[in-house]
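[1] here's a sequence, model it:
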Amino acid sequence: MQDKELLDIAKAMCDKAYAPYSEFRVGAALLTDDDTVFTGCNIENASYGATNCAERTAMFKAVSEGYTHFKKIAVAAKDGSTAYPCGICLQVMNEFMYDGEVILEEDSKLIKYSVKELLPHGFIL
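    Numbers count the residues shown, from 1 in each chain. Next comes the predicted model:
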């Protein structure tokens, strides 16, 4: 799957986000090693600690279906801003896609980072 295609899927997922508090809608599309795509959106909660980011929603859905190795993840924000993953999401990515890529959009241009670039000193057992 092409990076742009994955990013378009992530953008479409923004519409499913539950974000009544921040109104910051984020979508994610995750590509597994066998080219299966799992999607996610952010899901907020009045108790902010119970909020789940789009990236982790997609990864947890995949893991719950038996997938534990991912190639890449695309992340997009409904408002068009660049949706860099938070530290918690990066640590989860570090667990399941240490050598994977993160695809984002900045100023209408596709940009890619490795998980290692975004979290150079992640916790690994």
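[2] so which residue is dead centre in this protein?
    Centroid-nearest residue in the chain, with CA atoms, centre = their mean: Glu55, separated by 2.8 Å.
[3] can you tell me the element it falls in?
    helix 54-64 (DSSP states H and E).
[4] likewise for Ile111?
    strand 109-114.
[5] partner strands of that strand, with direction?
    Sheet pairing here is set by DSSP bridges, and for strand 109-114 it gives strand 101-106 (antiparallel).
[6] what does the partner strand rub up against?
    3, 6-7, 10, 71-76, 80, 82-85, 93, 110-115, 118 (CB atoms under 8 Å, 6 or more residues apart in numbering). All C-beta atoms are positioned from the backbone trio N, CA, C, and that covers glycine.
[7] for that strand, which positions count as buried?
    101-105 (16 or more other CB atoms under 10 Å).
[8] could I get these as CSV with pLDDT and distance to Ser22?
    Formatted as CSV, the buried residues of strand 101-106 follow (pLDDT from 0 to 100; distance: CB to CB, whole Å):
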residue, pLDDT, distance to Ser22
Glu101, 98, 26
Val102, 98, 21
Ile103, 98, 22
Leu104, 98, 19
Glu105, 97, 19
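[9] could you dump those to CSV with distance to Tyr48?
    CSV is the format used below for the buried residues of strand 101-106 (distance: CB to CB, whole Å):
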residue, distance to Tyr48
Glu101, 29
Val102, 24
Ile103, 27
Leu104, 24
Glu105, 26
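[10] which one of the residues you listed is nearest Thr39?
    Ile103 (13.8 Å; CB to CB).
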